[in-house]
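Student: could you work out the structure for the sequence below:
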Amino acid sequence: MHNSGKEEVKSGDEPNDASPVDTPQEEFNHILERKNMTKREFNSLWAEVLIQAFCMSFEVQTSYGISGYVNAYLKASSLQAILPTAQARIATAMGSARSFLQLAIGHMIYALGNTGVQALSQVVIADTTSLLTRGIMLAMYDVGTIANIWISQAVIDPITLGGPPDKWRNGYIAGSVISGFGALALLFPLWYVLRRRKVAQPPRKSLHWLTHEFNIPGAVLLTQALAVVCLPLTLAKCAKGNWENLASSPCSASTRYATRPILLIKVCTNRTAFGSLMVMFLLKFMGHVAWQYLTQYFVVSRDLSFGDANMLVRGYQIGWLVCQLIAALLLKRYKKARLMVWFGVFVYCLGIGLMIPARHRTASTTFIVVAQVLGGAGAGFAHLACSVLVTGVVHKRDIASIVGATQILLWFGSGIGGAIGGAIWTQYLPNRLQARVTSAYDERRAMNDPLEYVRFLPAETKLQVIEAYSDAIKLMSIVGLALAVLTLACASLLQHVGLEQDQDTQDLIAMGEEPVKKVDEEVLETKN
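Tutor: Residues are numbered from 1 along each chain as shown. Okay, the predicted model is just below:
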């Protein structure tokens with residue numbers, strides 16, 4: 001998959017000679033090995049990967065920033081937790097959506113392409129980097145997001161303030177065009193390298209082979225299970241017949257004949273791989289529990305625009321991204337991935353703990369930002385180190401599988417976390433509204449319409465609604481802190497991984513064999 005530094009890569013136009021291969025499939029699989037690429041091809045490929053990452057992050061940041069406004073416009077703020085469950089991330093939906101149902105369908109369609117592009121990017125990173133430098137490349141992939149937090153900010157307010165109330169659609173249209181350009185930017189250099197190599201195409205596979213190889217029945221069942229369990233948590237007081245409609249959906253798929261399960265058994269039995277995957281899953285899960293409805297809460301409690309509230313919430317993500325890059329540099333310098341995970345988890349727990357008092361309506365903006373940044377910083381340290389560890393303990397032929405498993409778990413972390421956050425909002429908030437609000441109010445509008453209803457309530461009633469919002473938001477942070485104990489337990493499973501090992505050594509260790517120790521001939525002669 002990648003060369004770990006034993007051979008120098010020529011800077012000319014012609015690639016180094018690749019290792020002999022026997023079949024077109026094997027030759028095809030070796031195209032992106034670093035030793036088989038020229039310096040020009042490698043630099044070009046990475047430039048396009050970063051362009052794709054920048055374009056996709058612009059779309060995600062823009063659509064996430066306007067999502068609170070869109071849900072409020074559709075009078076469905078309480079249902080916004082369904083979107084992470086259905087698609088696992090707020091992202092481009094149908095620009096023509098006229099209802100929340102259409103919006104959710106758009107999210108699910110988008111997820112098909114978004115997941116594939118992200119997985120492809122991660123596989124390219126793993127294929128073209130050594131274990132020691134992989135963390136830096138993974139962090140570089142997300143650097144564009146830091147810039148896009150501010151770039152997208154220039155888009156959010158203009159399309160949510162003033163003018164036609166449905167001009168938010170322009171944000172989705174712009175995001176679709178830009179993310180499409182980014183996808184082409186990634187695919188073109190891959191096509192160019194394939195064309196330049198003039199390798200024989202592997203034989204075409206049948207639909208029957210595709211179903212077995214990628215475990216499509218298993219994926220269908222897994223998705224159905226997620227929907228049946230998670231969606232009713234949010235829908236219980238927002239839609240009728242939620243359990244009946246979902247539970248009666250047919251599950252005709254079967255995993256009996258799947259030859260490649262979604263999550264390899266040998267990954268689950270590897271302490272470091274399993275522990276790393278679970279840490280990343282729980283970080284994503286707790287993050288979505290803790291700030292699922294935070295933008296809406298800041299809009300109501302602090303009379304902010306959706307753009308300004310989004311920037312306040314984004315302190316978590318800024319801390320994550322910046323510290324992820326710092327972690328990558330420290331990882332290359334000190335090579336202590338396991339220690340970095342432990343440090344990150346402890347800092348994350350501190351940040352989540354501080355978020356509890358920071359959710360009170362009287363908390364200062366500075367205190368909110370500190371809590372958000374600390375939580376994000378700890379998550380960034382731990383996530384980056386786990387991303388390197390999980391690809392450092394498997395054979396190179398399993399890296400694509402482990403990247404896919406990572407993506408699935410991260411999507412599920414977002415979806416389940418969003419569902420738990422949605423359950424707290426839709427089940428707990430009505431009780432707090434009844435306990436806090438002393439005058440007459442419309443419960444459904446109080447939960448779903450912050451723009452046209454809550455903002456214009458009488459001062460005393462509005463304050464009581466804000467207090468109820470605060471109770472629900474603080475409970476989400478408390479749940480997140482309680483779940484952090486599981487993250488500590490998963491981090492304790494990690495074992496030391498030598499980040500300087502080459503790919504051959506990594507493969508031998510992954511197969512349970514002892515690596516061959518190389519003897520320095522000059523030292524041996526001196527001793528003799």
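
Student: buried sites along the top helix by length along the chain?
Tutor: Longest helix of the chain, by residue count under DSSP state H: helix 39-73. Neighbour-count burial for helix 39-73 flags 41-42, 44-46, 48-73 (criterion: 16 or more other CB atoms under 10 Å). From N, CA and C alone the C-beta is placed, and that goes for glycine too.

Student: could I get the average pLDDT for that helix?
Tutor: Across helix 39-73, the average pLDDT comes to 78.

Student: just checking, what packs against it?
Tutor: helix 100-128, helix 131-141, helix 143-156, helix 169-197, helix 294-302, helix 306-313 (3 or more CB pairs under 8 Å, 6 or more residues apart in numbering; DSSP states H and E).

Student: what about 10 Å?
Tutor: Helix 39-73 is packed against helix 82-86, helix 100-128, helix 131-141, helix 143-156, helix 169-197, helix 294-302, helix 306-313, helix 315-334, with contacts defined by 3 or more CB pairs under 10 Å, 6 or more residues apart in numbering; DSSP states H and E.

Student: can you name the next helix or strand after the last one?
Tutor: Scanning the chain past helix 315-334 towards its C-terminal end, the next helix or strand to appear is helix 337-358 (assignment: DSSP states H and E).

Student: could you give the angle of that following helix to helix 131-141?
Tutor: On the basis of axes from the mean of the first three to the mean of the last three CA atoms, to 10 degrees, helix 337-358 is oriented at 30 degrees to helix 131-141.

Student: and helix 337-358, which residues are buried?
Tutor: 337-338, 340-356, 358.

Student: same check, this time on stretch 179-196
Tutor: So, applying 16+ other CB under 10 Å, buried residues of stretch 179-196: Ser179, Gly182, Ala183, Ala185, Leu186, Pro189, Leu190, Val193.

Student: mean confidence score for it?
Tutor: pLDDT averaged over stretch 179-196 gives 76.

Student: how about the CA coordinates for it, as CSV?
Tutor: Provided in CSV are the C-alpha atoms of stretch 179-196 (Å, rounded to 0.1, in the frame of the first residue of the first chain):
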residue,chain,number,x,y,z
SER,A,179,-18.7,19.8,-3.7
GLY,A,180,-19.2,18.3,-7.2
PHE,A,181,-16.2,20.2,-8.4
GLY,A,182,-14.2,18.8,-5.5
ALA,A,183,-15.2,15.3,-6.3
LEU,A,184,-14.0,15.7,-9.9
ALA,A,185,-10.8,17.1,-8.6
LEU,A,186,-10.1,13.9,-6.7
LEU,A,187,-11.2,11.5,-9.4
PHE,A,188,-9.3,13.1,-12.3
PRO,A,189,-5.7,12.5,-10.9
LEU,A,190,-6.7,8.9,-10.0
TRP,A,191,-7.9,8.4,-13.6
TYR,A,192,-4.7,10.1,-14.9
VAL,A,193,-2.4,7.8,-13.0
LEU,A,194,-4.4,4.7,-14.1
ARG,A,195,-4.2,5.9,-17.8
ARG,A,196,-0.5,6.7,-17.5
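
Student: what's the most buried one of the helices and strands packed on helix 39-73?
Tutor: helix 82-86 (a mean of 26; mean count of other CB atoms under 10 Å).

Student: any idea of the mean pLDDT for that one?
Tutor: For helix 82-86, mean pLDDT rounds to 50.

Student: just stretch 501-510 next, same as before
Tutor: Computed over stretch 501-510, the average pLDDT equals 72.

Student: ok, now stretch 307-326?
Tutor: What stretch 307-326 shows for mean pLDDT is 89.

Student: so what would you say the end-to-end distance of it is?
Tutor: 28 Å (CA to CA, to the nearest Å).

Student: contacting residues for the closest residue to Ala147 other than its chain neighbours?
Tutor: Closest residue to Ala147 apart from its sequence neighbours, by CB to CB, 6 or more residues apart in numbering: Phe54 at 7.5 Å. Phe54 is in contact with Tyr141, Asp142, Val143, Gly144, Thr145, Ala147, Asn148, Ile151, Ile178, Gly182, Ala185, counting by CB atoms under 10 Å, 6 or more residues apart in numbering.
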